[in-house]
Each structure stands twice: as structure tokens, then as C-alpha cells.
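**Student:** Model the following, please.
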Amino acid sequence: MKRSGPLLTLLTGLLLALFMLSLNATTETGASSYGEDAPAPATPSPTKPSTKPSDKPADRPAGKPPAKADYAGRTDDDTSAVSISVRDGKAIAYYCDGRDTESWLKGNVEDDGSMRLTGRHGAKLDGRIIGKKVRGTVDVDKEAHKFTADKAVKPSGLYRATTEVRGAKLDGAWIVLPDGRQVGILKRGDEPRKAPRLDPETRTVRVDGDVITARPVTP
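**Tutor:** Numbering: from 1, shown residues only. A predicted model of the protein is given here:
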């Protein structure tokens with residue numbers, strides 16, 4: 001019994017040594033799995049900036065101007081009205097303050113929608129078709145006015161009546177705006193006055209008891 005003590009102690013030491021060796025091997029295997037031998041996580045590639053062209057600005061004309069269109073609107077200072085009729089690269093415009101000043105202008109429409117129209121006594125209109133509008137400046141009697149004219153849908157637009165009533169020559173013009181308002185001048189001889197209201201549906205107007213008919217204006 002006295003000799004078994006040291007032997008038992010030796011066996012216990014060997015078993016403990018084997019256990020420690022096994023634990024160390026397990027620890028090194030785990031370190032190998034998650035340490036320097038493990039593949040590095042994938043790095044996402046940088047996102048390339050989009051090369052798709054941005055949309056065109058809203059005020060940039062797209063393509064050629066329409067072959068047939070009418071426009072009507074007011075000056076930015078709200079003192080007068082402007083109407084423009086376009087047909088196959090030609091344009092005619094009418095400027096009117098509804099009291100005593102008016103001007104007829106005409107010219108060409110370029111492929112980019114720009115136009116430079118001229119009239120009597122140095123009147124001129126510089127504008128451009130932008131989408132469904134014409135933006136520009138009209139200069140009459142040495143007074144320049146910026147304007148915006150929206151695309152007109154009948155009965156909106158520009159009308160004119162030229163006739164003779166009871167020996168007097170009548171010359172009237174009307175701008176019918178998209179909101180239904182009208183601006184026009186009627187001349188009896190050389191005397192201008194505010195034009196009576198035109199019926200846009202029938203295009204007729206009563207002048208001193210007589211009924212006259214106006215027609216749409218085109219180049």
C-alpha cells in the first residue's frame with residue numbers, strides 16, 4: 001500500500017499532462033480557423049457615378065417647333081396682350097392694349113423655335129417657342145414689354161374683321177385669352193376704340209346694330 005502512492009501520483013500527473021496537450025491543440029485549431037488563415041471579408045466595389053444624361057431643363061425647347069399652333073397671353077406687367085399664330089415656319093403676331101395702341105408683326109420661325117418679327121414704325125417682337133408657350137419681348141412705340149403666351153385651344157386665339165358698315169370702314173382685332181378674357185381694338189376709319197365683345201363660338205360681333213363676322217388670323 002505504501003508503494004502505490006507514488007505510482008498513483010505519477011498516473012495522475014500523466015493524465016493531467018495529456019488533458020492540457022489536448023486543450024492546447026483545440027485552441028490552436030480554433031485560432032487557425034478564425035485568424036490569419038481565414039479569408040478576408042469581401043470589400044464592396046465602389047459605386048460608379050451614373051453616366052445617364054440628366055433630363056433637359058424645362059425651359060429648353062425640345063425638337064423643332066410645331067408646324068401649326070396658336071398662342072395667346074399677356075405682358076408681364078399686365079398692361080397688354082399678345083397673340084401669335086404659327087404656320088409652317090411663318091408667324092404673325094398682334095399686340096394690343098385694348099384702348100388705342102396696337103401693332104401687327106410678322107416674320108419667320110427658326111428650327112430652334114426662335115422668332116424675330118417686325119411691324120410698322122419700328123415695332124418688333126423677339127420670342128421663342130418653349131414647350132407649349134412663347135416667351136419673349138415685344139417693343140411697340142419704343143416701349144418694351146416682356147410677355148408669356150400660352151398655347152391657345154379654340155375658341156382662344158386671334159381674330160380679325162375688316163368690312164364696311166354704312167359707308168364707314170371697320171377694322172377690328174380680338175385676342176381671346178385661354179381664360180376667356182378678351183382684348184381688342186375696333187377702328188372706324190382711323191379712330192381706335194375698345195372693341196365690343198366677340199362671341200367666340202359664332203365669331204360674330206354687333207357694331208352699331210349691325211352684325212359682322214371675324215375670322216381666325218393665320219400667316
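**Student:** Please make it C-alpha for all contacts and neighbour counts, starting now.
**Tutor:** Fine.
**Student:** Identify the residues contacting residue 82.
**Tutor:** Under the criterion of CA atoms under 8 Å, 6 or more residues apart in numbering, the contact partners of residue 82 comprise 72-75, 93-96, 147, 149, 175.
**Student:** same question, residue 81
**Tutor:** With contacts defined as CA under 8 Å, 6+ apart, the neighbours of residue 81 are 72-75, 95-97, 175, 183.
**Student:** Look up the closest residue to it, ignoring the ones flanking it.
**Tutor:** residue 74 (4.1 Å; CA to CA, 6 or more residues apart in numbering).
**Student:** Have a look at the protein and report the helix or strand with the lowest mean pLDDT.
**Tutor:** One helix or strand of the chain scores below all others by mean pLDDT, DSSP states H and E: helix 4-34, with a mean of 54.
**Student:** Now do the helix or strand following that helix: which elements does it pack against?
**Tutor:** If you walk from helix 4-34 toward the C-terminus, the next helix or strand you reach (DSSP states H and E) is strand 68-75. Helices and strands in packing contact with strand 68-75 are listed as strand 81-87, strand 143-151, strand 157-165; criterion 3 or more CA pairs under 8 Å, 6 or more residues apart in numbering; DSSP states H and E.
**Student:** if we look at strand 68-75, which residues are touching it?
**Tutor:** Applying CA under 8 Å, 6+ apart, the set of residues contacting strand 68-75 from outside is 80-88, 133-134, 145-153, 156-158, 175-178.
**Student:** What residues sit buried inside that strand?
**Tutor:** Within strand 68-75, the residues that qualify as buried by neighbour count (16 or more other CA atoms under 10 Å) are 69-75.
**Student:** Over to stretch 161-175?
**Tutor:** 161-162, 170-175.
**Student:** Now the two most distant members of those residues.
**Tutor:** Farthest pair in the buried residues of stretch 161-175 (CA to CA) is 170 and 175. Separation: 16.9 Å.
**Student:** For residue 82, give the beta-bridge partners.
**Tutor:** Taking DSSP bridges, one obtains residue 73, residue 95 as the residues bridged to residue 82.
**Student:** Can you say which of the helices and strands packed on strand 68-75 is packed in most?
**Tutor:** Of all the helices and strands packed on strand 68-75, strand 81-87 has the most neighbours on average by mean count of other CA atoms under 10 Å, namely a mean of 25.
**Student:** Export that one to PDB, keeping only CA atoms.
**Tutor:** Provided in PDB are the C-alpha atoms of strand 81-87 (Å, rounded to 0.1, in the frame of the first residue of the first chain):
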ATOM      1  CA  ALA A  81     -52.000  91.200 -74.700                       C
ATOM      2  CA  VAL A  82     -50.100  89.400 -77.300                       C
ATOM      3  CA  SER A  83     -51.200  86.600 -79.700                       C
ATOM      4  CA  ILE A  84     -49.100  84.700 -82.200                       C
ATOM      5  CA  SER A  85     -50.100  82.300 -85.000                       C
ATOM      6  CA  VAL A  86     -47.600  79.900 -86.400                       C
ATOM      7  CA  ARG A  87     -47.900  78.100 -89.700                       C
END
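**Student:** Next, the angle from that strand to strand 143-151.
**Tutor:** Counting by axes from the mean of the first three to the mean of the last three CA atoms, to 10 degrees, strand 81-87 points 60 degrees away from the direction of strand 143-151.
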